[in-house]
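Student: no letters, just coordinates:
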């Protein structure tokens with residue numbers, strides 16, 4: 001954890017991916033490495049060595065912080081045991097920083113200027129983990145001739161240029177497990193010998209990145225994160241379907257952009273064990289991608305790339321716990337009866353009626369509900385609907401004027417957040433809070449009102 005800057009929130013996903021790539025997580029035949037890593041993190045939090053910064057809508061830890069004193073101890077201990085070398089370049093030549101050949105640390109975190117990187121790399125070709133941070137306070141930096149600079153790094157397993165544009169990826173890094181960088185190119189050319197790569201994080205500065213066919217040769221890939229959108233090259237559909245490679249280890253994909261439902265189905269067929277998927281489908285024909293074939297999928301975010309698209313049937317797996325739908329016209333019956341759904345976000349979703357009726361025992365496990373710019377003006381919920389709902393977020397509700405009476409005695413409800421909604425809805429929320437407070441004296445129920453997302457009244 002010593003590689004992360006002071007006072008910065010640490011993404012739990014990145015932290016655990018790095019732990020796994022570094023070989024710090026003991027493997028278990030019955031548990032995924034990612035789940036073991038999260039157990040380790042929770043243990044550190046329980047011992048007050050790491051602090052929770054933000055939580056996701058399902059209550060899981062999204063970001064964390066490390067106390068300054070703990071960070072200082074970690075860095076000293078890492079240096080003492082040659083576990084990690086952190087260097088802050090203040091203009092000295094590398095040869096003056098330490099005696100030649102005395103440094104045996106296999107992990108390096110370098111804070112320097114991008115133009116100084118080649119001279120530093122002359123002294124660290126033995127490392128198996130290299131993380132670069134631009135020392136100047138600029139949005140991002142760029143490095144040219146990366147292939148030439150790193151071609152001697154034969155042992156490298158982690159290469160982190162998350163905030164830096166690089167122009168190429170060395171062919172020689174065959175042991176690489178974690179790779180993160182920025183690119184200014186639309187089309188991303190990846191070496192075809194990264195067969196050991198497990199995590200690929202790419203940020204395209206132009207908003208989209210087209211991935212070459214070599215991505216399907218990375219059969220050990222577990223996490224593929226492309227920002228903002230990743231486009232896949234299928235060449236001929238028949239040739240792609242006959243390809244033997246299946247990404248059985250792939251667990252998370254974000255953010256995939258599929259040209260149509262048929263292409264989405266073909267690609268998802270190659271990744272049967274996905275647990276988390278964020279995607280956009282550019283063109284719909286009334287059907288939905290066959291997400292139901294992804295029997296281990298727990299989190300799904302899907303949006304339509306066109307104007308409001310009407311979907312007759314949602315094909316959702318029974319394993320799903322978190323669902324976000326954006327820019328659709330749908331019937332909510334299938335969603336309402338889903339047995340495991342705990343988090344639901346409906347963003348710009350239109351239903352077939354001006355009234356949303358939720359019947360008994362619908363949404364049986366739902367804990368978090370977000371409605372943004374809903375189409376309905378009335379919301380009716382029976383006495384036994386939403387039995388476990390804890391958090392409700394309403395944003396840009398132009399037509400909805402009041403809460404269902406059901407929430408006036410909803411003992412499970414802990415908070416309602418209202419963002420840029422009409423005054424009638426705000427008053428209705430306040431009435432619900434008064435009702436709950438009157439029932440129990442102090443229910444702990446909170447109403448949070450914001451005119452805009454970041455401005456609280």
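Tutor: Happy to help now that I have it. Quick caveat, the model's predicted, so the values are computed rather than measured.

Student: low-scoring stretches of the stretch 201-350 of the chain, by residue?
Tutor: Applying pLDDT under 70 to the stretch 201-350 of the chain flags the ranges 235-244.

Student: give me that answer again for 80
Tutor: The stretch 201-350 of the chain contains residues with pLDDT under 80 at 233-245, 285-286, 306-309.

Student: which residues in it form strands?
Tutor: 223-232, 252-258, 276-281, 299-304, 309-310, 322-326, 328-329, 343-347 (DSSP state E, counting those that start in this stretch).

Student: any chance you could list what contacts the fifth one?
Tutor: Meaning strand 309-310. The contact list for strand 309-310, computed with C-beta atoms under 8 Å, 6 or more residues apart in numbering, reads 284, 286, 327-330. C-beta here means a position set from N, CA and C on the backbone, and glycine is covered the same way.

Student: so which helix or strand takes in residue 20?
Tutor: helix 12-21 (DSSP states H and E).

Student: buried ones in that helix?
Tutor: 12-21 (16 or more other C-beta atoms under 10 Å).

Student: elements contacting it?
Tutor: Packing partners of helix 12-21 (3 or more C-beta pairs under 8 Å, 6 or more residues apart in numbering; DSSP states H and E): helix 33-46, strand 61-66, strand 158-166, strand 178-183, strand 199-211.

Student: would you show me how to pick out the buried ones of the contacts of strand 309-310 in PyMOL?
Tutor: In PyMOL, this line selects whichever of the contacts of strand 309-310 come out buried by 16+ other C-beta under 10 Å:
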select buried, resi 284+327+328+329+330
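
Student: now the two most distant members of the contacts of strand 309-310.
Tutor: Largest separation among the contacts of strand 309-310 by C-beta to C-beta: 286 and 327, giving 15.0 Å.

Student: now do stretch 88-107, average pLDDT.
Tutor: In this model, stretch 88-107 has a mean pLDDT of 66.

Student: and if you look at stretch 133-145?
Tutor: Stretch 133-145 comes out with an average pLDDT of 76.

Student: and the end-to-end length of it?
Tutor: Terminal residues of stretch 133-145 are spaced 17 Å apart (C-alpha to C-alpha, to the nearest Å).

Student: what sits up against that stretch?
Tutor: With C-beta under 8 Å, 6+ apart as the criterion, stretch 133-145 contacts 5, 88-89, 109-114, 117-118, 132, 149, 161, 163-168, 182, 184, 205.

Student: between the helices and strands packed on helix 12-21, which one is closest to residue 394.
Tutor: Judged by C-beta to C-beta, the one of the helices and strands packed on helix 12-21 that comes nearest to residue 394 is strand 61-66, at 21.6 Å.

Student: so which elements touch the closest one?
Tutor: Counting by 3+ C-beta pairs under 8 Å, 6+ apart, strand 61-66 packs on strand 10-11, helix 12-21, helix 33-46, strand 50-55.

Student: tell me the buried residues in the helix or strand following that strand?
Tutor: Sequence-wise, the next helix or strand downstream of strand 61-66 (DSSP H and E) is helix 68-80. For helix 68-80, a neighbour-count test (16+ other C-beta under 10 Å) marks 70-71, 74-75, 78 as buried.

Student: and what of stretch 282-291?
Tutor: Quick answer for stretch 282-291 (16+ other C-beta under 10 Å): 282, 284, 288-289, 291.

Student: same check, this time on stretch 2-11
Tutor: Using 16+ other C-beta under 10 Å as the test for burial, stretch 2-11 gives 2-4, 10-11.

Student: ok, stretch 353-363 next?
Tutor: Result for stretch 353-363 [16+ other C-beta under 10 Å]: buried residues 356-358, 362-363.

Student: for stretch 313-325, same thing?
Tutor: Neighbour-count burial for stretch 313-325 [16+ other C-beta under 10 Å]: 314, 316-317, 320-325.

Student: mind putting those residues in CSV, distance to residue 298 included?
Tutor: Formatted as CSV, the buried residues of stretch 313-325 follow (distance: C-beta to C-beta, whole Å):
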residue, distance to residue 298
314, 16
316, 11
317, 9
320, 6
321, 5
322, 7
323, 10
324, 13
325, 16
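
Student: out of these, which one sits closest to residue 223?
Tutor: The closest of the buried residues of stretch 313-325 to residue 223 turns out to be residue 322 (C-beta to C-beta; 16.9 Å).

Student: residues in contact with the closest one?
Tutor: Contacts for residue 322 (C-beta under 8 Å, 6+ apart) come out as 57-58, 298-300, 341-344.

Student: so how do I select the buried members of these in ChimeraX?
Tutor: Buried residues within the contacts of residue 322, by 16+ other C-beta under 10 Å, are selected in ChimeraX with:
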select :57,298,299,300,341,342,343,344
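
Student: okay if I get the contacts of residue 322 as CSV plus distance to residue 369?
Tutor: Output for those, formatted as CSV (distance: C-beta to C-beta, whole Å):
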residue, distance to residue 369
57, 9
58, 12
298, 18
299, 16
300, 16
341, 10
342, 10
343, 8
344, 5
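
Student: just the contacts of residue 322 now: which is nearest residue 433?
Tutor: residue 57 (21.0 Å).

Student: quick check: the nearest residue to residue 259 once chain neighbours are set aside vs residue 394, distance?
Tutor: For residue 259, the nearest residue in space outside its immediate sequence neighbours is residue 282; the separation is 5.2 Å by C-beta to C-beta, 6 or more residues apart in numbering. According to C-beta to C-beta, to the nearest Å, residue 282 stands 29 Å off from residue 394.

Student: and residue 304, by the same measure?
Tutor: In this structure, residue 304 and residue 394 are 22 Å apart, going by C-beta to C-beta.

Student: residue 270 too?
Tutor: 39 Å.

Student: more neighbours: which of those two?
Tutor: residue 394 (22 against 18; other C-beta atoms under 10 Å).

Student: partners of the more buried one in the sheet?
Tutor: residue 371, residue 418 (DSSP bridges).

Student: that one reaches residue 420, doesn't it?
Tutor: No. Counting by C-beta atoms under 8 Å, residue 394 sits too far from residue 420 to count as a contact (9.3 Å).

Student: hmm, back to that, name the nearest of the buried residues of stretch 2-11 relative to residue 198.
Tutor: For those, the nearest to residue 198 is residue 11 (16.6 Å; C-beta to C-beta).

Student: and of the buried residues of stretch 313-325, the nearest to residue 249?
Tutor: The closest of the buried residues of stretch 313-325 to residue 249 turns out to be residue 317 (C-beta to C-beta; 18.6 Å).

Student: contacts only, for the closest one.
Tutor: Going by C-beta under 8 Å, 6+ apart, residue 317 touches 291-297.
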